[in-house]
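Student: Need coordinates for the below:
(2 chains)
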Number of protein chains: 2
Amino acid sequence: MSSKTLITEFETLLGTDNVISDESGRMSYAYDAAVLEPVLPEVVLRPTTGETLGETIRLCNENNMPVTVRGAGTNLSGGTIPESKGAVVLTNGFNKILEINREDMYAVVQPGVVTAKFAAAVQEQGLFYPPDPGSQAVSTLGGNVAENAGGLRGLKYGVTKDYVMGVDFFDPAGNLIRSGSRTVKSVTGMNLSSLMIGSEGSLGVFNEIILKLVPPPATHRAMMAIYDSVSAASETVAAIIASQIIPCTLEFMDNVTIRAVEDFAHVGLPTDARALLLIEVDGHPAQVAEEAAQVEEICRKMGAVNIRTAKDDAERNSIWEARRAALSALARMRPTTVLEDATVPRSKIPHMVRAVEDIAEKYNLTIGTFGHAGDGNLHPTIMTDRRDKNEWLRVEKAIEDIFDVALSFKGTLSGEHGIGLAKAGFMAKEVGEATLDYCRKMKAALDPKGTLNPGKIIGR
Amino acid sequence: MSSKTLITEFETLLGTDNVISDESGRMSYAYDAAVLEPVLPEVVLRPTTGETLGETIRLCNENNMPVTVRGAGTNLSGGTIPESKGAVVLTNGFNKILEINREDMYAVVQPGVVTAKFAAAVQEQGLFYPPDPGSQAVSTLGGNVAENAGGLRGLKYGVTKDYVMGVDFFDPAGNLIRSGSRTVKSVTGMNLSSLMIGSEGSLGVFNEIILKLVPPPATHRAMMAIYDSVSAASETVAAIIASQIIPCTLEFMDNVTIRAVEDFAHVGLPTDARALLLIEVDGHPAQVAEEAAQVEEICRKMGAVNIRTAKDDAERNSIWEARRAALSALARMRPTTVLEDATVPRSKIPHMVRAVEDIAEKYNLTIGTFGHAGDGNLHPTIMTDRRDKNEWLRVEKAIEDIFDVALSFKGTLSGEHGIGLAKAGFMAKEVGEATLDYCRKMKAALDPKGTLNPGKIIGR
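Tutor: The predicted structure follows:
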């Protein structure tokens, strides 16, 4: 079928409003939040039902048109950068919450539901959906599952994969594949829903997602520990975990980040502090009181110069607002922001923080470090200008050094941002060629024409 | 290579003591805990290192000899029943705990480590490995992962899959494939470790497993609620979950089971009770006290005629000893015991209990029902005699009825026992042919000669 006939076919299937083929319209879908070259797709499609979604995928596959499914495009590893001869399939019109089941504590959603809207709807029913990726205000649940998105509460509550009970998805031929269940336990068949999680759209296109919900914690307490030494702060993280307290959230912010956030958001952060820890414990009131006291004691013992405890919800919100502003604040400093997320076993956080400081010095770069210290998942953020070729070369070397250091600590290339295009070339470093071959064989069998988000994770 | 030459080759590789080829020796590995015909394998192999395990798999694959890996053979769905021209590969000599990391709360094990021994070793280090399948005293961690084994604590702590951080495994050609990480968050590459979980040995052979550990609960309280009505007991289960209390364990036992257990174990169960709930809450002492009081109130309100709370560890142990004796006790009653595990959303427990009673009556069978009511995962247990052809036909029909009822409640064929050979024929009922095709394509690509545990899950 000619490209023009195919577009007419899509218009018949989806309605002309849901097919974008003009260049200016397509331009908005050529990039995502990763620092990579944009690629203009041939067409942008917006199915609004499962039937038309399946048919869209089938038509693309039959006509050798690669498909990149896109939620909100907040991807940080190029996972939603399309192919030039390919289609971007939007999920933002396929966004119904189909069921929130209070009795059995699960929900069924279409992939285009926005994460924060879903969390709010769940909260209204007296339940709790913990995964809270940084982009939750706009990110979609489908994107979260495809990327296995993390967030601030990962330490205690886990990440997206810990909340996926089942996924129905289309294979490239448009067949609906079912996996998982509304039951809390199921071992019926191969674990395809888990295979879909983090597969970055390369093995199937989600139709419906079943998500686990939990009772909300009875109470919580947030605090900010202020340090005049980076190592004291990072060693506190390891000490808290070693004491067997699992805070809900345990975040780190270095001085570069603190100053950038304060300059941007004016939330009253101590700009002369070398580092901050932002900590929240939650659960039963008695447990929260005890754990907060223990955490405070550990912070002081490890050298915190001051500890501020949120006295009310407003103060608590301002702590988390400060943390959530970190990336936006850093991104204002220079034209290009590279947000890394190589991750280490959490006891190695002090070593990792030091290593990133050394790398910044070695390559004469400005790196602001913040992130999910309690998970071993820091975000060293390089502020640079991609147009400066000499500096960009140093950035690339610094990134590779960060990977090497993380792997030397038995860490991993990506804790929550995904491999996408950005890290596909580094995969063999961590998992070896045999593992990539195993994945390539699987991909070839399940998507023989290479229709589904080609080039991601395993390269070409 | 002739079969005899191949056996000599295995003897050279593994040592003659680790190659069993005489009939009486092989006989012990012809069956597992499922009610299925035994199949005598051609040879039984016992590698004791990763290198020889990989080489064993490679040799089998090269010589078209199917491989069934076997831990303790406690499988309840025929997952460890071998092929007549195949090898059974034992993991009981490949059973080292390689690392228990206190700081980062994970462990690295070889697949042959016995579950209970591992849990004890972890406890000695002040940590907790929650998954506790019924067969934990002998079952192996490799088997647990291959089957995604459940257990009594699934309600609060989840099942085996919730504790697998990574799996290194051999593909059929003997290549070592790596997946997962020692970090609590990792999205590096396809989610192969999760694909391995519950794949019943059909996609890879485990070399090393990285398991997550958690801090142990500070305290716990166990209690037994006694009912003179089955529906009152089963409705209590739904009421407890609806109240947003998540007990560590919430087990159900009907009168048939109560009498069988008391007759077998003499633990002082009330043999005239129509049903029992065995409940444990754990966590912070204040939370445990509150939750125990709330649970007791709910039980009474829903019609419990008596509630016994364990006053000390001895009384607590006797409650769980009673529960753990259920299967053995029932199994003594008739020559053949069929243990089912079709699972439903937990609010459907009252309906499922009634449906099983109706099915028992319809087919004139004795069915004892007990199990993980809080998970929606009951074990209706049919006491029968397989040699009685007429009765066995009724048993087969009753099993199919149980499946149909569970599926009609949006449940699943198996909550924790696996599909294996026993339920492979019923898979299409739940997931449909397209899903099976998807899995078959995957299997054919990853194991082109069909070496790894053929026939399991997806049939032939």
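Student: So what sits opposite the residue nearest to residue A:307 when sequence neighbours are not counted in the bridge?
Tutor: Spatially, and ignoring its direct neighbours in sequence, residue A:307 is nearest to residue A:225 (5.0 Å; Cβ to Cβ, 6 or more residues apart in numbering or on different chains). (Each C-beta comes from the backbone N, C-alpha and C, glycine too.) In this entry, residue A:225 is beta-bridged to residue A:277, residue A:307, by DSSP bridges.
Student: residues in contact with residue A:225?
Tutor: A:233, A:236, A:276-277, A:279, A:296, A:299, A:304, A:306-307 (Cβ atoms under 8 Å, 6 or more residues apart in numbering or on different chains).
Student: which of those tops the neighbour count?
Tutor: residue A:279 (31 neighbours; other Cβ atoms under 10 Å in any protein chain shown).
Student: and residue A:445, how far is that from chain B?
Tutor: 3 Å (Cβ to the nearest Cβ, to the nearest Å).
Student: Sorry, slip of the keys, the one I care about is residue A:211.
Tutor: 14 Å.
Student: now do residue A:90
Tutor: 23 Å.
Student: Which one of the contacts of residue A:225 is nearest to residue A:176?
Tutor: Residue A:176 has its nearest neighbour among the contacts of residue A:225 in residue A:279, at 44.3 Å by Cβ to Cβ.
Student: where does that closest one land in three-state SS?
Tutor: Classification of residue A:279 using DSSP: H, G, I helix; E, B strand; the rest coil returns strand.
Student: What separation is there between it and residue A:379?
Tutor: From residue A:279 across to residue A:379, the span is 17 Å (Cβ to Cβ, to the nearest Å).
Student: who in the stretch 251-400 of chain A is up against chain B?
Tutor: A:283-287, A:290, A:343-347, A:372, A:375-377 (Cβ under 8 Å from any Cβ of the partner chain).
Student: Next, check those against the helices and list the overlap.
Tutor: Members of these lying in helices (criterion: DSSP state H): A:285-287, A:290.
Student: among those, who's most crowded?
Tutor: residue A:287 (21 neighbours).
Student: hang on, isn't it packed against residue B:283?
Tutor: Yes: if you go by Cβ atoms under 8 Å, residue A:287 and residue B:283 touch, sitting 7.4 Å apart.
Student: How many neighbouring residues does residue A:24 have?
Tutor: 7.
Student: Now do the SS call for the spatially most central residue of chain A.
Tutor: Nearest to the geometric centre of chain A sits residue A:149, at 3.6 Å (Cα atoms, centre = their mean). Here residue A:149 is recorded as coil under three-state DSSP.
Student: How much space separates it from chain B?
Tutor: Residue A:149 is 9 Å from chain B, by Cβ to the nearest Cβ.
Student: Closest one of the ones in helices among the residues of the stretch 251-400 of chain A next to chain B to residue B:97?
Tutor: Of these, the one sitting nearest to residue B:97 (Cβ to Cβ) turns out to be residue A:287, at 30.9 Å.
Student: What about the nearest residue to that closest one once chain neighbours are set aside? Give its phi and psi, please.
Tutor: Closest residue to residue A:287 apart from its sequence neighbours, by Cβ to Cβ, 6+ apart: residue B:284 at 3.9 Å. Main-chain torsions, residue B:284, degrees, to the nearest 10: phi -60, psi 140.
Student: in terms of contact, does residue B:284 touch residue B:218 like I think?
Tutor: Yes: shown here, residue B:284 and residue B:218 form a contact pair, counting by Cβ under 8 Å, at 5.6 Å.
Student: For those two, indicate the residue with more neighbours.
Tutor: residue B:284 (20 against 15).
Student: residues contacting the more buried one?
Tutor: By Cβ under 8 Å, 6+ apart, the neighbours of residue B:284 are A:283-284, A:286-287, A:290, B:218-219.
Student: one more time with 6 Å
Tutor: Contact partners of residue B:284, counting by Cβ atoms under 6 Å, 6 or more residues apart in numbering or on different chains, are A:284, A:287, B:218.
Student: ranges for the strands of the stretch 1-150 of chain A?
Tutor: Along the stretch 1-150 of chain A, counting by DSSP state E, counting those that start in this stretch, strands occupy A:19-20, A:43-45, A:67-70, A:87-90, A:97-101, A:106-109.
Student: The second one packs against which elements?
Tutor: It refers to strand A:43-45. strand A:87-90 (3 or more Cβ pairs under 6 Å, 6 or more residues apart in numbering or on different chains; DSSP states H and E).
Student: before we move on, the earlier item: state the distance from the residue nearest to residue A:307 to chain B.
Tutor: 20 Å.
Student: for residue A:294, same thing?
Tutor: For residue A:294, the distance to chain B - Cβ to the nearest Cβ - is 12 Å.
Student: and that residue, backbone torsions?
Tutor: Dihedral angles (degrees, to the nearest 10) for residue A:294: phi -60, psi -40.
Student: So, low pLDDT: which residues of the stretch 151-300 of chain A?
Tutor: Along the stretch 151-300 of chain A, the model assigns pLDDT under 70 to no residue.
Student: try it again with 90
Tutor: A:238, A:242, A:267 (pLDDT under 90).
Student: Just the helices from it, written as ranges.
Tutor: Listed in chain order, the helices of the stretch 151-300 of chain A (DSSP state H, counting those that start in this stretch) span A:154-157, A:192-196, A:230-242, A:255-265, A:285-301.
Student: Nearest to residue A:394, out of the ones you listed?
Tutor: helix A:255-265 (17.1 Å).
Student: What angle do helix A:230-242 and that closest one make with each other?
Tutor: 90 degrees (axes from the mean of the first three to the mean of the last three Cα atoms, to 10 degrees).
Student: Could you list every helix and strand in contact with helix A:255-265?
Tutor: Right, helix A:255-265 is packed against helix A:326-331, strand A:366-372 by 3+ Cβ pairs under 6 Å, 6+ apart.
Student: Give the next helix or strand downstream of the shortest one.
Tutor: Downstream of helix A:326-331, the next assigned helix or strand under DSSP states H and E is strand A:336-339.
Student: nearest to residue A:210, of the ones in helices among the residues of the stretch 251-400 of chain A next to chain B?
Tutor: Out of those, the member with the shortest distance to residue A:210 (by Cβ to Cβ) is residue A:287, at 30.2 Å.
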